[in-house]
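K.L.:
below is the sequence, then the predicted model.
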There are 2 protein chains.
Amino acid sequence: MPITLLIAEDQRLFRQSLRLLLDHEPDLSVIGEATDGREAFDCAMKLKPDLILMDVDMPKLDGVMATKLIRTCLPEMKVLMLSVHDEDTRIIAAVQAGAVGYILKDADHTEFLRIIRATYRGQTVLSPFMPDRFARGAVAAITHAQKVEESRLSGLTEREKEILAYAAAGRGNKDIADQLCVSVDTVKTHLHHIYQKLAVTGRVEAILAYLQES
Amino acid sequence: MPITLLIAEDQRLFRQSLRLLLDHEPDLSVIGEATDGREAFDCAMKLKPDLILMDVDMPKLDGVMATKLIRTCLPEMKVLMLSVHDEDTRIIAAVQAGAVGYILKDADHTEFLRIIRATYRGQTVLSPFMPDRFARGAVAAITHAQKVEESRLSGLTEREKEILAYAAAGRGNKDIADQLCVSVDTVKTHLHHIYQKLAVTGRVEAILAYLQES
DNA sequence: CCCTGCCTCACCCATTCGGTGTAGTCAGAT
DNA sequence: ATCTGACTACACCGAATGGGTGAGGCAGGG
């Protein structure tokens, strides 16, 4: 069975040509496309691809935030960041958020495919086009991110973390309820528990805590 | 007149001894202390010190977030970050958020004082105890942060940015109104304008936009 | 078997929030 | 002198949110 991929990229042309390139490979299968961070989150939750190709620059939620949300609910999900700028400091933040690698958009396509397959096999790949000082900063970020696991979020159940991630994506209770196919009251109950566990007074504070502790 | 300082540090003992050290210097004057990020934000707005010594690790809002909020309202405010860990990747994020320098907590106290004065004079100081690869990453972050000025927040008035910063700090409308000594309705009006300008549907989305675009 | 934790749903009530409209003041620009 | 934009404030309404309480189903461990 082929490697299933999700493409999250807001530029239509680039996204589509990327899909063409990837679908051309027999061992790769693009099972979904998202045009913004929120969609990326939704699709990831529903499709559970093997690997996500995530652009850094996207509307609504940027790639870093989306990665953070996805990894909260699916800690094993592999996210490969795409960036145009070779000095985008957000890629370091992205790696901290759980991305397992990144590629510059001007990478060679064979190199690109190689990195995708290597990432799928579990390797953490740094694009060879990345400036040295950035690579080192990113490596430090990776090792740093690895050892961090004891956060306030640990006390939350899986379901609660999921609800919180949706809330942090900017969705209302009704919205979350529809997405998860439960009643609004259930969402409220979960949030109520979350507020208690995080010792916060409301929605915004909980989201802030989430963004900091992840 | 002495350099006015604000100390934002949650550990009481460290904060107080720091204050002793600083008050001992005739040209330095600690005019306020904060024990968490939110307090730091409030104090900065009210006291407008020459320089803020901001710990990275703090409850409610961490130093990075607090710096971001403060710099939104007071773009010229000088913030000096303090960190225990010499490999804390958040200091890079802090620099991006507007911090003009950082010091490791195990720095020598004469070195510490030297950095404070140098920072006050407008220099961007990197602690000599900082590992090389981090210093370079931070320098890159600084140059990167400098050239970024065109964000969606530009369209907001000063007052609106201020209101949004308070909201992003997790405060409710009533709370914001009290802090700024205006009515709740005024706060709501501002927020309404903010939602329109940012093209978002509500509070949480506006805060997310703010956190991304700053 | 029983207890516990988790997920689910419901109901009530007070508060807050969002949307809309109206309007006064003030400063700066034309 | 007029206009524009910013800041302020108020009113009204519907929707959303938060807090509290209670409760049923269900799986896993003791």
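P.N.:
It's in.

K.L.:
SS state for the closest residue in space to A:Arg203 that isn't next to it in sequence?
P.N.:
Spatially, and ignoring its direct neighbours in sequence, A:Arg203 is nearest to A:Ala167 (6.3 Å; Cβ to Cβ, 6 or more residues apart in numbering or on different chains). For the C-beta atoms, the positions are set from N, CA and C on the backbone; glycine is no exception. State at A:Ala167, reduced to three classes by DSSP: H, G, I helix; E, B strand; the rest coil: helix.

K.L.:
secondary structure element for the residue nearest the centre of chain A?
P.N.:
Nearest residue to the geometric centre of chain A (Cα atoms, centre = their mean): A:Thr67, 1.7 Å. Using DSSP states H and E, A:Thr67 sits in helix A:63-73.

K.L.:
against which helices or strands is the helix or strand that that helix is followed by packed?
P.N.:
Beyond helix A:63-73 on the C-terminal side, the first helix or strand identified by DSSP H and E is strand A:78-83. With contacts taken as 3 or more Cβ pairs under 8 Å, 6 or more residues apart in numbering or on different chains; DSSP states H and E, strand A:78-83 sits against strand A:51-55, helix A:63-73, helix A:90-97, strand A:101-104, helix A:109-120.

K.L.:
now strand A:78-83, how far from the centre of its chain.
P.N.:
8 Å (Cα atoms, centre = their mean, to the nearest Å).

K.L.:
between it and helix A:63-73, how many degrees?
P.N.:
180 degrees (axes from the mean of the first three to the mean of the last three Cα atoms, to 10 degrees).

K.L.:
now strand A:78-83: average pLDDT?
P.N.:
Taken as a whole, strand A:78-83 has an average pLDDT of 90.

K.L.:
sorry, back to before: comparing the helices and strands packed on strand A:78-83 by mean pLDDT, which bottoms out?
P.N.:
If these are sorted by mean pLDDT, helix A:90-97 sits at the bottom with a mean of 75.

K.L.:
for A:Asp55, give its distance to A:Leu180.
P.N.:
As judged by Cβ to Cβ, to the nearest Å, A:Asp55 and A:Leu180 stand 26 Å apart.

K.L.:
before we move on, the earlier item: output the helices and strands packed on strand A:78-83 as JSON lines; include the columns distance to B:Ala94.
P.N.:
Output for the helices and strands packed on strand A:78-83, formatted as JSON lines (distance: least, Cβ to Cβ, whole Å):
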{"stretch": "strand A:51-55", "distance to B:Ala94": "24"}
{"stretch": "helix A:63-73", "distance to B:Ala94": "16"}
{"stretch": "helix A:90-97", "distance to B:Ala94": "12"}
{"stretch": "strand A:101-104", "distance to B:Ala94": "22"}
{"stretch": "helix A:109-120", "distance to B:Ala94": "30"}
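
K.L.:
nearest to B:Pro2, out of those?
P.N.:
helix A:90-97 (37.3 Å; Cβ to Cβ).

K.L.:
may I have the phi/psi pair for the residue of chain A positioned farthest from its centre?
P.N.:
The C-alpha centroid of chain A is most remote from A:Asp185, which lies 27.9 Å away (Cα atoms, centre = their mean). When read as degrees, to the nearest 10, the backbone of A:Asp185 gives phi -60, psi -40.

K.L.:
how near is it to B:Leu20?
P.N.:
When A:Asp185 is compared with B:Leu20 (using Cβ to Cβ), they lie 54 Å apart.

K.L.:
hmm, back to that, now do the residue nearest to the centre of chain A against B:Ile70, distance only.
P.N.:
27 Å.

K.L.:
ok, now A:Leu191?
P.N.:
In terms of Cβ to Cβ, A:Leu191 sits 29 Å off from B:Ile70.

K.L.:
of the two, who's got more company?
P.N.:
B:Ile70 (27 against 19; other Cβ atoms under 10 Å in any protein chain shown).

K.L.:
quick check: that one touching B:Ile52?
P.N.:
Yes - using Cβ atoms under 8 Å, B:Ile70 is in contact with B:Ile52, at 7.2 Å.

K.L.:
in three-state terms, label A:Ile7 for me.
P.N.:
Classified using three-state DSSP, A:Ile7 is strand.

K.L.:
quickly list the domain ranges of chain A.
P.N.:
Chain A breaks down into these domains under automatic domain parsing: A:3-147, A:152-213.

K.L.:
distance between the ends of the last one?
P.N.:
The separation between the terminal residues of domain A:152-213, taken as Cα to Cα, to the nearest Å, is 7 Å.

K.L.:
and it, how far from the chain's centre?
P.N.:
That offset, for domain A:152-213, works out to 18 Å (Cα atoms, centre = their mean).

K.L.:
for the helix or strand encompassing A:Cys43, buried residues please.
P.N.:
According to DSSP H and E, A:Cys43 maps onto helix A:37-47. With burial defined by 16 or more other Cβ atoms under 10 Å in any protein chain shown, the residues of helix A:37-47 counted as buried are A:Gly37, A:Arg38, A:Glu39, A:Ala40, A:Phe41, A:Asp42, A:Cys43, A:Ala44, A:Met45.

K.L.:
could you do stretch A:13-31 as well?
P.N.:
Neighbour-count burial for stretch A:13-31, counted by 16+ other Cβ under 10 Å, picks out A:Arg15, A:Leu18, A:Arg19, A:Leu22, A:Leu28, A:Val30.

K.L.:
for the nearest residue to the fifth one once chain neighbours are set aside, what are its contacts?
P.N.:
By that I understand A:Leu28. Excluding its sequence neighbours, the residue lying closest to A:Leu28 (Cβ to Cβ, 6+ apart) is A:Leu22, at 4.9 Å. Neighbour list for A:Leu22: A:Leu5, A:Ile7, A:Leu28, A:Val30, A:Leu113, A:Ile116 [criterion: Cβ atoms under 8 Å, 6 or more residues apart in numbering or on different chains].

K.L.:
contacts for the helix holding A:Cys43 next, please.
P.N.:
A:4, A:6, A:8, A:31-34, A:49, A:52, A:54, A:58-63, A:65-66, A:69-70, A:73-74, A:77, A:162, A:165, A:169-171, A:179.

K.L.:
tell me which ones among the residues you listed also neighbour DNA strand C, please.
P.N.:
For DNA strand C, no contacts are drawn from the contacts of helix A:37-47 by Cβ under 7 Å from any atom of the strand.
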